[in-house]
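curious how this folds, go ahead:
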Amino acid sequence: MDKLQRILNSTFNRSVNAAPFDLLFGVKMCDETDLKLREIIEQEFQSKFEEERNEIRARMKEQCNRRIVKHIISDARRLRNTR
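Here you go, the predicted structure:
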């Protein structure tokens, strides 16, 4: 019965152009599906964020490694030329 009442209170009514819960409290009813959907979206956002962050870190690490190798080669050439 509780689920049925929640459904009725959150169902849009054309005659008043809103759901009964919306009229009574001034906000939309938040139900279990809203919370589950929010959780799924947040997990997806977190996963995407971590994936992008890891890609950026990998690119930065590669760039740093290239610069280190260039400096090592440059230092080695300078040492050879000074001998």
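
which parts of this protein are helices?
With DSSP state H applied, the chain shows helices at 2-10, 20-25, 32-82, listed in chain order.

residues of the first one that come out buried?
If you call a residue buried by 16 or more other C-beta atoms under 10 Å, then helix 2-10 has these buried ones: 9-10. Placement of C-beta: from N, CA and C, glycine included.

if I look at R78, how far off is H71?
Using C-beta to C-beta, to the nearest Å, R78 is found at 10 Å from H71.

and the least confident helix or strand in the chain by mean pLDDT, how far out from the chain's middle?
Ranked by mean pLDDT, DSSP states H and E, the weakest helix or strand in the chain is helix 2-10, scoring a mean of 81. Its chain's average C-alpha position is 32 Å from that of helix 2-10, according to C-alpha atoms, centre = their mean, to the nearest Å.

helices or strands up against it?
Using 3 or more C-beta pairs under 8 Å, 6 or more residues apart in numbering; DSSP states H and E as the contact criterion, the elements in contact with helix 2-10 are helix 20-25.

for the helix it packs on, buried residues please.
21-22.
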